[in-house]
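Student: With the input below, show me the fold.
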Amino acid sequence: MRFQTTLVPGRLVRRYKRFLADVILEDGREVVAHCANPGAMTGLNTPGMRVWLEPNDDPKKKLRFGWRLLELPDGHWAGIDTSVPNRVVREALENKLIAPLADYSNVRPEVKYGQASRIDFLLTGKDLPDAYLEVKNVHLSREPGLAEFPDSKTIRGAKHLRELADMRALGHRAIMLYLVQRTDCSRFRLADDVDTAYATAFELAQKAGVEVLCYDTEISTAGVEFRRQIEVLI
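Tutor: Alright, predicted model coming up:
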């Protein structure tokens, strides 16, 4: 997934009201950027951190910048925009990069299912069970090399797990895919101390036959690219 315009660097002043961030650009201007991230962003919103914004000239948008990336220590990166994983995974599905799902020929995003929900992707193929695929963004890391989800309580996330379990009970495949938007992690686990209800829903979903996949990404100022499967610690 390539960014539509060239990113510009700056320093974070503050993130506030969840979806706003004040940033000082290298030319000295202070701008307000859209922060497309409803989570806690633990460790990723410290004032003074070097960030990268995507400019836009869309008259329909109130803000002229969107916060996309954050520079981490030792030359690593983190992606901030939680809408990016679905775009990355869609490209990966269409290019047959996700081996357990490569046999599916049709990829449909945002299909209604469950109780007033939409599945991120419904995969279909000849002589294959329908596959319901939910995607979650991951960028919490509290231990070196270890990515965790979630970074805040997520009632909606637990609901998605229950609905995936329901699809599995109907004879379909059901998959939860975690996409890590960090370049410094090679393992993944649940942050069960952050949301015990989500951890319980995850355990029940696994027992019901919901599949769990986790992949990392290659991140640069050019874009965010699907990379490789990483270890899931249960």
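Student: Give the buried residues for the helix ranked longest in the chain.
Tutor: Secondary structure of the chain per DSSP state H: the longest helix is helix 155-169. Within helix 155-169, the residues scored as buried using 16 or more other Cβ atoms under 10 Å are 157-168. Quick note: C-beta positions are derived from backbone N, CA and C, even for glycine.
Student: so which of the residues you listed comes closest to Arg18?
Tutor: Checking the buried residues of helix 155-169 against Arg18 with Cβ to Cβ, the nearest one is Gly157 at 16.4 Å.
Student: So the closest residue to the closest one other than its chain neighbours: helix, strand or coil?
Tutor: Closest residue to Gly157 apart from its sequence neighbours, by Cβ to Cβ, 6 or more residues apart in numbering: Tyr198 at 5.4 Å. Secondary structure, DSSP: H, G, I helix; E, B strand; the rest coil: Tyr198 is helix.
Student: mind checking how far Tyr198 is from Ile234?
Tutor: Distance, Tyr198 to Ile234, using Cβ to Cβ, to the nearest Å: 14 Å.
Student: Please identify which of the two sits among more neighbours.
Tutor: Comparing Tyr198 with Ile234 by other Cβ atoms under 10 Å, the one with more neighbours is Tyr198, at 24 against 9.
Student: mind giving me the domain split of this structure?
Tutor: Annotated domains of the chain cover 8-79, 84-233 [automatic domain parsing].
Student: looking at it, Gly66 is touching Asn37, isn't it?
Tutor: No. Between Gly66 and Asn37 there is no contact under Cβ atoms under 8 Å: 10.6 Å.
Student: any shared contact partners between the two?
Tutor: Shared contacts of Gly66 and Asn37 (Cβ atoms under 8 Å, 6 or more residues apart in numbering): Asp81.
Student: center of the protein, which residue is that?
Tutor: Taking Cα atoms, centre = their mean, the centroid of the chain lies closest to Asn137, which sits 1.8 Å from it.
Student: Next, give phi and psi for it.
Tutor: phi -80, psi 140 (degrees, to the nearest 10).
Student: Distance of it relative to Arg182?
Tutor: For Asn137 relative to Arg182 (Cβ to Cβ), the value is 10 Å.
Student: List the residues that are in contact with both of those two.
Tutor: Shared contacts of Asn137 and Arg182, counting by Cβ under 8 Å, 6+ apart, come down to Gly79.
Student: circling back: what's the closest of the domains of the chain to Met1?
Tutor: Proximity to Met1 (Cβ to Cβ) singles out domain 84-233 among the domains of the chain, at 4.7 Å.
Student: Do me a favour and get the end-to-end distance for that closest one?
Tutor: End-to-end distance of domain 84-233: 24 Å, with Cα to Cα, to the nearest Å as the criterion.
Student: I'd assumed Gly145 was in contact with Asp184.
Tutor: Yes. Applying Cβ under 8 Å, one finds Asp184 in contact with Gly145, separated by 6.8 Å.
Student: quick one, which of these two is more surrounded?
Tutor: Counted by other Cβ under 10 Å, Asp184 and Gly145 do not tie: Asp184 has more neighbours, with 18 against 11.
Student: contacting residues for the more buried one?
Tutor: For Asp184, the contacting residues are 72, 74, 76, 141, 144-145, by Cβ under 8 Å, 6+ apart.
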